[in-house]
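**Student:** Okay, here's the prediction I keep looking at, along with the sequence it came from:
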Amino acid sequence: MEKIIITTEYSAQPYAQKPNPMVEKSLIYLADIEGLLEESKICDQGCGALRHLKVLMKYYNDIYMVDTEFQINRSRIIEGNTTTIKEYINDLNVPNKKIKLILNKEFLISDLGLDAVFNLCTFDVVLPEIRKEMLEAARKNIRRGGYFVLIIPRNDSSILCRCKKENIYADGHYFKNRGACTYYSNFRDQKVIIDMALEYNFNLVKDMSIFRHICLIFTTK
């Protein structure tokens with residue numbers, strides 16, 4: 001039987017892709033209803049190709065960007081230039097904004113006292129054991145009473161049509177792409193995610209999910 005090695009970094013959306021529409025809706029909710037201010041210290045857990053950085057910068061001044069060493073250091077095109085996420089962040093010079101990189105393995109053992117962690121469009125492309133690590137790391141790094149925002153695309157027919165018996169893997173499907181294997185799991189029912197988060201002592205405060213996107217806002221106990 002062929003050995004399947006999932007390379008989740010290649011499953012991220014390209015930088016040119018528009019930010020997920022639920023991200024700004026969740027940011028507005030946190031600002032208007034929960035009172036999370038721009039001085040809050042937050043992070044983008046699984047920042048990928050940085051497609052949500054600009055919308056996060058509209059609302060917050062102190063942002064950690066978290067991802068794997070491979071993702072942060074691999075060459076890519078960002079805003080028309082060949083660079084890496086590390087180089088791009090190091091060269092970013094925006095007044096009154098502090099943008100910092102942290103490796104996911106360091107984030108897993110950190111205690112940053114964050115006001116909020118945003119996990120955006122990653123749960124559908126990583127394996128179950130990585131989701132558990134992400135939940136554990138988020139819980140360790142959020143202050144008591146802070147927020148965890150989980151947004152997951154779902155029900156994309158262009159992907160679901162390629163989900164066959166022959167490419168079933170774990171709780172989803174794998175796809176071969178330019179010599180790498182990527183992964184996708186479609187969460188039709190967000191209750192699966194809610195129950196998982198409850199195991200890590202998160203309390204659900206708002207379910208903003210729609211047909212194409214899960215959007216859950218939790219707080220810490």
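**Tutor:** Noted; the coordinates are in hand.

**Student:** Count the neighbours of Asn81 for me.
**Tutor:** 10 (other CB atoms under 10 Å). For the C-beta atoms, the positions are set from N, CA and C on the backbone; glycine is no exception.

**Student:** Quickly list what it is bridged to.
**Tutor:** Ile78 (DSSP bridges).

**Student:** which outside residues touch the least confident helix or strand in the chain by mean pLDDT?
**Tutor:** Counting by mean pLDDT, DSSP states H and E, the chain has its least confident helix or strand at strand 76-78, which shows a mean of 86. Applying CB atoms under 8 Å, 6 or more residues apart in numbering, the contact partners of strand 76-78 are Tyr15, Ala49, Leu50, Thr82, Thr83, Thr84, Ile85, Tyr88.

**Student:** Mind checking which of these are in helices?
**Tutor:** Judged by DSSP state H, helices contain the following of these: Ile85, Tyr88.

**Student:** Lys221: which of the contacts of strand 76-78 is nearest?
**Tutor:** Ranked by distance to Lys221 (CB to CB), the contacts of strand 76-78 are led by Leu50 at 31.4 Å.

**Student:** Sketch out the low-pLDDT regions of this protein for me.
**Tutor:** Low-confidence segments of the chain (pLDDT under 70): 1-2, 11-16.

**Student:** do you know how far Lys86 is from Cys47?
**Tutor:** 11 Å (CB to CB, to the nearest Å).
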